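[1] The sequence and its predicted three-dimensional model are supplied below.
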Amino acid sequence: MKKKVLIVDDFENTRWIVQQILQKEEELEVLSAGNGKEALQHFESNQIDLLVTDLNMPEMDGIELVKAVRAKDRYKFMPIIMLTTERNPEKKQKAMDIKVTTWIQKPFEQGQFRKIIRKALRLK
Amino acid sequence: MENYQARFSHEVLELLEGLEGTLLQLENNPQDAESIAELFRVVHTIKGTASMFGFANMGKLTHDVEDLFQIVRTGELNVNEHIIKISFSTVDLLRSMLNSRDQLTGDLQKKFDTILHDVKQILAENNNADKTGETPEKGRLSYDQSMFYVRYQPDSDVLERGVDPLGVFEELEEEGQFLAFLDLNLIPSPEDFDAEKTFLAWDIFCSGFDDQEVLEDIFMFFLEHEYTIIPFKGGEIKEIDQFDDILKRLEQYKIDESDLFEQLDGLCNGCLYGLQEESANAQTEEDSDDRAEEPVQETREMIRVDAGRLDELINLVSDLVTLNSQLELRAGELNDDVLQKQVSGLSKLSKSFRDNALNLRLIPVETLTIKMHRMVRDLAGNLGKKVDFITEGTNTELDKNIIRRLEGPVLHIIRNCLDHAIEMPDERIAQNKPEKGLVRFIAFYSGANVFIQIQDDGRGIDPEKVKKKAVNKGMISADENISDEQAYNLIFEPGFSTAEEVSDLSGRGVGLDSVKKQIADMRGQVDVESEINLGTSFTIKLPLTLSIIDTLMTKVGKHTLLVPMEYVVKTMFVENINKPNIAYEDSIIPLLNMGKLMEEPPSEQKMRAIIIRHYNKRYAIAVDHILRDYQAVVKPLGAYNRHHPFFSGSSIMGDGSLAVILDINRLIKYQKQNKS
C-alpha cells in the first residue's frame, strides 16, 4: 500500500513543488491542503503516514496543527516534518518542543528533500 | 601476468623512493624509531609480494634484509654507518632487479652476493637471525583506517516525535559496519516505566564510513545533545581525543580492554596494529609524551589511479569546457533568459569540475626532493665536500607532468651547485665560512605560479669572468657594455659551458642552456642572481598546470592568435608596423609584425601592439585587433604543425573555430635567428 504524505502550505507554489518532487516516488501518494483546518479533515478521512507542514499559515498555523494532530491517538507517533523559512534557532527549537521529527528550511534542495521524506517514512 | 608485474614494479619503485627518504632521515637520526619501523614495514611489504609476482631473487634478498631490520627494530643492534650503507645498496640493487625482471645478470649477481654476505655476517654476529617478525610493532596500538565512536542517547520522548530510535542501526548497517553496546543504565524502576518512552542508549563504534557527514546524516533526526561523534582519523589509538572517557564509559560492559581492541580490529578488517603488546603494556607505557611532540602526520586515504586515465579525464573535461562555451555563445544569440540562466549554471559547474580535475593531477614537490637528497649525499661524498641540504615548502603542489619534467633541470642545477659553487671544506674555513656548505631548495606559490629556488652559499658567479668568457667565445663583442644581470643570464646561452670545463660529474656535455630550454618548454622561466663569495640563487617560475592558460585573444588576418597573458605588459597603438623597432617608454624595442610572420596580406587599418616582457627585455608584437582575455584549454598542435617555429598549441574557441597559441620563447628565438 502506498504511504500517504500530506503537504500543508498556504502558498500554492510550495504545494505544487512538493507534489512534483514526490510524484516520482512510487511508494508515495501525495495529498495537499492549503491550511490547518483543511488538513485536519484529511486526517479524519484518510490514514496519513507523514505530515509535511508549513510553520506560518493563516487561520491555523503549523504549531497548532501539529498539536491538534498529535492529540489524536492514532497520530501520536506519526513523523511530522516542519517546513520553515525561519532561521532563528529558538523558533526551530520551539518546533522541536512540540515534537516534530525534523524541520526543513525553505528553500530546499530537491534531492535532500526527497531523502528526508524517505528517511522519515523509513523507506530504503 | 605481465600486467601484474608492471603494477608490482610501479608499486615497488614508489616504495623504494620512500625508503630512500627514510634512510636519509635515519642517517641523520639513527635512533629514530619511526624511521626504523617504516624501514622494516617497507622491506616486509616488498618481501611479501615479490615472490608472489615471480621475483624470487628479490624475495630472497628482502627476506634476509628484513631479518637484519628486525634485530635493529628490537633494539638488539644499533643503526650504524655500515647498516645504512647496506641499506642504500639494497635500494639500488632492488631498483636494478626491477629493471632486469629479477634476473641477476653480470654485475647484479656480484652485488646481490655481497649484500647477502654482509647481512648474514651481521646476523651471525648477533645470533638472533631466527627471530624474524610477523610480530606487531612493540608498544603501539595504531590503526590505519578511519573509525568513529558515537555515544547515542535519544531523549525519552523520541517516539512521540515520530522517530524510531532503532532506525539508525538499519542505516549504519547499510552504509558501513558497526559494533554497538547497549547501555541499560537509564531504564527506570518498574513503577516509573512508561511503555511509550525510550530509555535506551548505545555506545557505537563504526567503520567503513567515508566521512563524518555520512554518519551525521544518519543521525539527522536527532538533536545535538542526543548523540556525540568522535572521529578516529588513523594513528595511535591513545591519541584519540577523549579516549580515556570512552574507555571509562565502556567499563560497564565488563569487556576486557584487549577484547575490545580485538573486536575493533575485526570491525575495521584488521586495521589495528600492535594488539598484544598494547594491552599488556597499557599501564607501563610512559613514553607517549615524547611521541606527542613529534609532528603528527595526517594520514589521508589514498587511491592509486593510472596517470593515463587521469589525463583522459582532463581531456574529457577540456572538451566539456569547450562545448560549454559554444553553448554559452549560442544561448546568447537566442536571447532566451531561462536558457541563459541554465547555461551559466552549467558553466559554473563545468568550471569547478575542471578545476577539480586539474587538482587531481597536482602532486607535492616532495617527490622530487627525495631524489635530490640522495644525489646531494652521494655527490658530496664523491667530491669530498660537506654539504647540508635543506628543503622548504615541499608541500607545494604542481601538475604531475611538470614535476616529471622538472626533475632533470632541477637535478642539473643542484649538481652544478655542488660541483662548481660549494668550495672544499678547507677553502671554506680559510674564507671564514662554515665548513659545511648549504644548499637550499625552496618551493612556494605566488599567484598562478609556483616558484622554485635553489640557493647555495658557495663562491658565487663573477660577472666579469662571465663577460670575459663570453667575449672569448664570441658571444658578445669586447666593447659591448652589459649589466651584471645580463651577464648572469649569459650562462644560460648555448655554448657557454663546454664539455671540457664541466667535470665528469655534472657534465655529460650539457650546459645550462638545456636547463633553460626545458623550463621554457613548460612555459616557465629561470633566472639567476649571485654575489661573489656569498652564493648563487636560481629561481624557476612555473605555471601551476600546463593544460589551462590565460591568454589575450587577438586577430591576425583571418587567424585567431592567443598571446599568453603572463608575458603581456600593456597594449598600445602603432602607426608604422614596417619598422623593425619602435619607441617604448625610454627605449627602442624590437617590433615583431605577426601579420608578416604568419604570411597574411598587409592590413590597411591602424595596428595594435602588445608589449611583452621576456626575461629583462621588452618586445612589441603587432596584431590587427585585440579582442579580450580568454582562458584557453591547450590542445597539442596537429602533426602538420607540430614543429611550428612559434606556436606551442591550439585551442578550440566557443564558435568551434581553431585558435593558435603563441609561444613567446620560440618566437623570440625565431626572430633572433632570422635577423642574423
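    Everything's here; your move. Note that the coordinates shown come from a computational prediction; the quantities given were computed from them, not determined experimentally.

[2] Contact residues of chain A facing chain B?
    A:70, A:76-80, A:96, A:99-102, A:116, A:119-120, A:122, A:124 (C-beta under 8 Å from any C-beta of the partner chain). C-betas here are computed from N, CA, C, even on glycine.

[3] my guess is B:Asp456 contacts B:Glu531, does it?
    No - if you go by C-beta atoms under 8 Å, B:Asp456 and B:Glu531 don't touch, sitting 11.4 Å apart.

[4] So these two - more neighbours on which side?
    Shown here are B:Asp456 and B:Glu531; by other C-beta atoms under 10 Å in any protein chain shown, B:Asp456 has more neighbours (26 against 12).

[5] what's that one in contact with, if anything?
    B:Cys417, B:Ala421, B:Ile422, B:Gly437, B:Leu438, B:Val439, B:Arg440, B:Gly535, B:Thr536, B:Ser537 (C-beta atoms under 8 Å, 6 or more residues apart in numbering or on different chains).

[6] quick one on the thing from earlier: nearest to B:Ile491 among the residues of chain A next to chain B?
    A:Ile116 (66.9 Å; C-beta to C-beta).

[7] any idea which helix or strand carries the closest one?
    helix A:110-120 (DSSP states H and E).

[8] where does the stretch 51-200 of chain B have low pLDDT?
    B:51-52, B:127-145 (pLDDT under 70).

[9] Tell me where it has strands.
    For the stretch 51-200 of chain B, strands defined by DSSP state E, counting those that start in this stretch occupy the ranges B:142-143, B:147-152, B:177-183.

[10] Distance to chain A added to the ones you listed, as CSV?
    Conversion of the strands of the stretch 51-200 of chain B to CSV gives the following (distance: least, C-beta to the nearest C-beta, whole Å):
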stretch, distance to chain A
strand B:142-143, 31
strand B:147-152, 16
strand B:177-183, 17
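
[11] got the ones you listed as CSV, with mean neighbour count columns?
    Putting those into CSV (neighbours: other C-beta atoms under 10 Å in any protein chain shown) gives the following:
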stretch, mean neighbour count
strand B:142-143, 21
strand B:147-152, 22
strand B:177-183, 17
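
[12] Show me what from chain B comes close to chain A.
    Proximity of chain B to chain A, by C-beta under 8 Å from any C-beta, involves residues B:157, B:159-164, B:167, B:170, B:174, B:196, B:220-221, B:223.

[13] which one among those gets closest to chain A?
    B:Gly162 (3.4 Å; C-beta to the nearest C-beta).

[14] quick one: contacts for that closest one?
    The contact partners of B:Gly162, by C-beta under 8 Å, 6+ apart, come to A:Phe77, A:Met78, A:Pro79, A:Ile80, A:Lys99, A:Val100, A:Thr101, A:Ala120.

[15] In helices, which of those fall?
    Under the assignment DSSP state H, the contacts of B:Gly162 contribute A:Ala120 to helices.

[16] and the closest residue to B:Tyr253 other than its chain neighbours, bridged to which residues?
    Distances taken as C-beta to C-beta, 6 or more residues apart in numbering or on different chains place B:Phe181 nearest to B:Tyr253, at 4.9 Å, with adjacent residues excluded. On the basis of DSSP bridges, B:Phe181 is bridged to B:Asp203.

[17] what's near enough to touch B:Phe181?
    B:Trp202, B:Asp203, B:Ile204, B:Leu250, B:Tyr253, B:Ile255.

[18] What degree of burial does the first one show, as a neighbour count?
    In this case it means B:Trp202. So B:Trp202, with other C-beta under 10 Å, has 19 neighbours.

[19] pretty sure it is touching B:Phe178, no?
    No - the pair B:Trp202 / B:Phe178 is not scored as a contact, 9.4 Å apart, by C-beta under 8 Å.

[20] Residues contacting the helix holding A:Ile116, please?
    Outside helix A:110-120, the residues that touch it by C-beta under 8 Å, 6+ apart are A:5, A:18, A:21-22, A:25, A:28, A:50, A:52, A:79, A:81, A:101-102, A:104, A:124, B:162, B:167, B:220-221.

[21] And for stretch B:80-98?
    So stretch B:80-98 is contacted by B:9, B:12-13, B:16, B:19-20, B:23, B:26-27, B:30, B:39, B:46, B:55, B:57-58, B:61-62, B:65, B:68, B:72, B:77, B:103-104, B:108, B:111-112, B:114-115, B:118-119, B:122 (C-beta under 8 Å, 6+ apart).

[22] Could you list which of those residues belong to helices?
    Those of those mapping onto helices are B:9, B:12-13, B:16, B:19-20, B:23, B:26-27, B:39, B:46, B:57-58, B:61-62, B:65, B:68, B:72, B:108, B:111-112, B:114-115, B:118-119, B:122, per DSSP H.

[23] Assign B:Phe205 to helix, strand or coil.
    Classification of B:Phe205 using DSSP: H, G, I helix; E, B strand; the rest coil returns strand.

[24] Now rank the residues of chain B next to chain A by neighbours and give me the top one.
    Most neighbours among those, by other C-beta under 10 Å: B:Val163, with 27 neighbours.

[25] All the strands of chain A, residue numbers only.
    Taking DSSP state E as the criterion, chain A contains strands spanning A:3-8, A:28-33, A:50-54, A:80-84, A:102-105.

[26] tell me the most buried of those strands?
    Most buried of the strands of chain A, by mean neighbour count (mean count of other C-beta atoms under 10 Å in any protein chain shown): strand A:50-54, with a mean of 25.

[27] Adjacent strands (with direction) for that strand?
    Here, using DSSP bridges, strand A:50-54 pairs with strand A:3-8 (parallel), strand A:80-84 (parallel).

[28] Let's have those in CSV, adding distance to B:Lys467 and mean pLDDT.
    Formatted as CSV, the strands paired with strand A:50-54 follow (distance: least, C-beta to C-beta, whole Å; pLDDT from 0 to 100):
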stretch, distance to B:Lys467, mean pLDDT
strand A:3-8, 85, 94
strand A:80-84, 78, 89
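
[29] okay, those in TSV with distance to B:Glu328 next?
    What follows is these, written out as TSV (distance: least, C-beta to C-beta, whole Å):
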stretch	distance to B:Glu328
strand A:3-8	37
strand A:80-84	35
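
[30] In which helix or strand does B:Val471 reside?
    According to DSSP H and E, B:Val471 maps onto helix B:463-472.

[31] Which helix or strand lies directly C-terminal to that helix?
    helix B:484-490.

[32] Just to check, B:Ile577 is in contact with B:Ala622?
    Yes - counting by C-beta under 8 Å, B:Ile577 touches B:Ala622, with 4.5 Å between them.

[33] Can you pull the residues that touch both of these two?
    With C-beta under 8 Å, 6+ apart, B:Ile577 and B:Ala622 have common neighbours B:Leu591, B:Asn593, B:Gly595, B:Met607, B:Ala609.

[34] coming back round to it: from the contacts of B:Phe181, which would you call buried?
    Neighbour-count burial (16 or more other C-beta atoms under 10 Å in any protein chain shown) is assigned, among the contacts of B:Phe181, to B:Trp202, B:Asp203, B:Ile204, B:Leu250.

[35] can I get the residues you listed in a markdown table with pLDDT?
    Listed next are the buried ones among the contacts of B:Phe181 as a markdown table, based on pLDDT from 0 to 100:
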| residue | pLDDT |
| --- | --- |
| B:Trp202 | 89 |
| B:Asp203 | 89 |
| B:Ile204 | 90 |
| B:Leu250 | 82 |
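
[36] Residue of chain A nearest chain B, please.
    Scanning chain A for proximity to chain B using C-beta to the nearest C-beta identifies A:Pro79 as nearest, at 3.4 Å.

[37] picking that back up, identify all contacting residues around the helix holding B:Val471.
    Residues from elsewhere that reach helix B:463-472, judged by C-beta under 8 Å, 6+ apart: B:Ile476, B:Ser477, B:Ala478, B:Ile482, B:Asp484, B:Ala487, B:Tyr488, B:Leu490, B:Ile491, B:Glu493, B:Phe496, B:Ser530.
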